[in-house]
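Chemist: This is a predicted model, with the sequence first.
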Amino acid sequence: MKSNVRKIGYFLLALLTILLLYLSYIKLEKGPSLAAHPKNQRIVEQVNKTSRGSIFDRNGIVLAESRQANGQWIRYYPWKDEFCHLIGYTSKKYGSAGLEAAYADWLLGLTDEGKFINFFRKALGKEPAGQDLHLTLDAGIQHLAYELLAKTGRPGAAVVIDPSSGAILAAVSQPSFDPNNLENEWKALINNHSSPLLNRAFQGAYPPGSVMKLVTAAGALSAGYMGNEIYQCPGYIIIDGYKLTDIKPHGNINLTDAIALSCNTVFAELGLNMGKHHFVQTAQKFAFNKNLGLPLEHRPSTISKDETISRLELAQAAIGQGELLVSPLHMALVASAVANDGVMMQPYLVQEIKGPGEKSIFRHKPKALQRAATAEISQFIRQAMISSVERGTGVNARIKGITVAGKTGTAENEHGLPHAWFVGFAPAQKPRVAVAVIVENGGSGGAAAAPIAKQLILEALR
Amino acid sequence: MNGLKAKFRRKERELLLYSTLFQLTGIIILYLSGELQGTATVIWAFVITSGAALGYFLVSHYWQSNGYKADVYLLPIISILTATGLVFLLRLHPLYAVKQFFWLLVALAVLVLITTLLRNYYLMSDYKYIYSLLGIVLLLLPIFFGKEQGGSRSWLDFSLFQVQTSEFVKILLVLFLASYLAENKRMLSMGSNMLFGVPIPGVKEWGPMAAMWVVALILLVFQRDLGTALIYFCTFLCMLYMATARIFYVMFGLIIFLLGALTSYHIFHHVRERVDIWLNPWPYFETSGYQVIQSLFAIGSGGILGSGLGAGRPELIPAVHTDFIFAAVCEEMGLLGGLGLIILFILFVYRGFKTALKSEDDFSVLLAAGLTSLMGLQVFIIISGVIKLLPLTGVTLPYVSYGGSSLVANFILLGLLLNVSHRGGID
């Protein structure tokens, strides 16, 4: 009988051991999401009691703060609709978005560090407090970008980046909304056909147009072209019976001038010669089909990996039309990569997180996303981009006393006039700022986007 | 000889010192964090702590003085469990803590009585039919004269206090089964008929099984006490297997259990509800799923180290002081506190089975193993309900939850187990 007793004993000990394991599983695996569950009364109480942390720009200018009114915390955004897509909003009714959502745990002091701080605050009889976000944004540049885009009267976006670190200095999307007034305007906002809630700078999906030629050029140079070859441009190219027209006949032309003058014929030919495989590979080195590692929602730029596409489609992709869609943020990173000797830095918005009493809790360390091209190839493309601004399609971005490197894009689309693109950086040999500007249906990139980019560069270098 | 004995129970008092320190630390934390509101509560907190400690030490001294040789680890384990319960009750509901303290004193007195008067417990095997009769009467009483509480009709109201008879019947059940099985185990172990080479017992043999099934059903149908029914039935199966080693009984038992479970799932609304909540409580957030979701919130919010005593919000869980006290421990003492509590029960079960295995006669073995199985099963059933491993069936967490009947009954169980270990001799 004793052996049966022993068996039942083991059985019961096993049952209780299952409890040990399952409790650990619940605590460790499910615990964090249960603790942060919106219906968890602890969170609701914490949120109502906590003064949500403030959000500052790089110079300490307030972008969002909590103010007390009638015993309740109210979120206040002094810049109204100028930062709306980045800062986002927080509403009991409609949830939260942007940095307010992505950094909610920090802002509400719900991270481990935050809980630790609030534990001591409670012991001292103080109310719980969240942490402050110090962003990379520059309110001056952001404000200017907002005004310049608003003046066009068209939807669009602009992104300004420090190419050596990936710090985002400004990112504007038009049309926008005022987060102070969100709950009243919500219905109108979600019914608006031009989607003011959409962050075009990060989530927009546009054909890149001739801006893509920077990537195609890098592909050709890494495929063995020297850059001094002379091409013939009769003003069109015929591929499998289809005629792809150019702006004008460029005659005898080298690669530098093909970039500066944005010659379609040359790039269609280069695309065909390097082949689909190498073209897609180069694009992926430039972070196509790749998450950019930003905690805000953003759309990775897409390029079809389909190996069976026709020669015509490949030629079109090489000049930025057809099966590829990019975001303004990504195009700013492409320009940054060229500016930064071929290394693409990971973009970021939050420079530092500080607890109550200015104590630093987190500080961003710049890191490379990946190498897009060699330093030599980047140098070649940089020179061609300088030419583009000095004597090519980008002359409207020329600045007296500062060498600007740039590339225009005029992207055909189904909705009317082409989208106007400009990407660039300055000072060309020691870049401190890179920009990407798009004006939807704005016409030619040189005419509609380059002047905006010029103003932004001037403001950033001021 | 006297010196050896003194040394022997000194271990017990050393360990009791730790549990006293544990409880003292608990109430000091509560005091410092301002959770003990009012001077009266603070005084009660210290009275309860010193009173409980004094009670346990006196019991240990008393045992030493009259040469009681029972296991020295069980009482300290239990004292940490009751200390945890008292600290959490002080934090959740000070009035209940005071009541529970008085019940603890009653329970300790009952423990002294049992370990004194029933030290020759093996004589108890002669009265099995009294146990069954008494058990059935006690089970039926609340159905006719009882009071409904928390959805189950299992309480007898004595105006000053209420008694949940099923807590005491579970001990009668083990006593009855231990004596019945010790006497009839040979007969039960041998099948009279063979079917496909498998021995099949006759009517006389499966009769008790059917009777037991009926008892569980009475609990389930008339008292609507799912958890207790489950504990009774599983204890019965465990003891039957230990006595006979026949897997047939277990299989047959499981089959009729499943049949009963399926039927009651279809017939009884409250059973179906429990199962649905277990599968997915979220659609019932506002209604019947509220309790278990609040329990999960509490457990999840506690993290590894817990929010600290008094710093959590376990009072958001309905019935947290009884069935859900484990969730409160998990919130405020964290994963480590929860694991610690389960480990204490594991140690209890380990000591219990060690006692059983050291005993010589069948009745002693079955009694010790049966009581320990009962304890282990009850702990498993309530904790797995609270952490949503199994459907929730409201029973108390032994020694920790608020409840006088539960506390006194579990101390009777402890006393009987200690008596068996006393007879088995010193480790």
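Modeler: Looks like it came in fine. This one's a predicted model, so the numbers in the text were calculated from it and none came from an experiment.

Chemist: Just give me the neighbour total for the residue in the stretch 151-300 of chain A that chain B sits nearest to.
Modeler: Nearest to chain B, among the residues of the stretch 151-300 of chain A, is A:Pro295, at 23.2 Å (Cβ to the nearest Cβ). In short, each C-beta sits where N, CA and C put it, glycine included. A:Pro295 is flanked by 12 other residues according to other Cβ atoms under 10 Å in any protein chain shown.

Chemist: can you pull the pLDDT of it?
Modeler: In this model, A:Pro295 is scored at 91, pLDDT.

Chemist: Helix, strand, or coil at it?
Modeler: State at A:Pro295, reduced to three classes by DSSP: H, G, I helix; E, B strand; the rest coil: coil.

Chemist: Just the buried positions in the helix or strand encompassing B:Asn184, please.
Modeler: In the assignment (DSSP states H and E), B:Asn184 maps to helix B:165-189. Neighbour-count burial for helix B:165-189, counted by 16 or more other Cβ atoms under 10 Å in any protein chain shown, picks out B:165-183, B:185, B:188-189.

Chemist: same deal with stretch B:23-42?
Modeler: Result for stretch B:23-42 [16+ other Cβ under 10 Å]: buried residues B:Gln23, B:Leu24, B:Gly26, B:Ile27, B:Ile29, B:Leu30, B:Tyr31, B:Glu35, B:Leu36, B:Thr41, B:Val42.

Chemist: isn't A:Leu144 right up against A:Gln455?
Modeler: Yes. Counting by Cβ atoms under 8 Å, A:Gln455 is a contact partner of A:Leu144 at 6.3 Å.

Chemist: which residues do these two both contact?
Modeler: Residues touching both A:Leu144 and A:Gln455 (Cβ atoms under 8 Å, 6 or more residues apart in numbering or on different chains): none.

Chemist: which stretches of the stretch 101-250 of chain B form strands?
Modeler: Per DSSP state E, counting those that start in this stretch, the stretch 101-250 of chain B carries strands over the ranges B:147-149, B:152-157, B:162-164, B:193-195, B:198-200.

Chemist: Please compute how far stretch A:60-72 lies from its chain's middle.
Modeler: 27 Å (Cα atoms, centre = their mean, to the nearest Å).

Chemist: in that stretch, what's buried?
Modeler: Those would be A:Ile61, A:Leu63, A:Ala64, A:Glu65, A:Ser66, for stretch A:60-72 by 16+ other Cβ under 10 Å.

Chemist: Flag the shaky bits of the chain, pLDDT-wise.
Modeler: All of this is about chain A. The model of chain A has no residue with pLDDT under 70.

Chemist: if you could check chain B rather than the one you did, that'd help
Modeler: B:1-7, B:148-154, B:159-160, B:188-210, B:212-213, B:220, B:425-427.

Chemist: What count of nearby residues applies to the nearest residue to B:Leu108 once chain neighbours are set aside?
Modeler: Counting by Cβ to Cβ, 6 or more residues apart in numbering or on different chains, B:Leu108 lies nearest to B:Gly55, which is 4.7 Å off, once chain neighbours are set aside. B:Gly55 has 20 neighbours, counted by other Cβ under 10 Å.

Chemist: Over to the one 3 residues further on?
Modeler: By other Cβ under 10 Å, 12 other residues sit near B:Leu58.

Chemist: could you list every residue that touches it?
Modeler: Contacts of B:Leu58 (Cβ under 8 Å, 6+ apart): none.

Chemist: Please spell out which residues along the one helix or strand it maps to are buried.
Modeler: In this structure, B:Leu58 sits in helix B:39-65 according to DSSP H and E. Within helix B:39-65, the residues that qualify as buried are B:41-42, B:44-45, B:48-49, B:51-53, B:55-57, B:59-60, B:63-64, counting by 16+ other Cβ under 10 Å.
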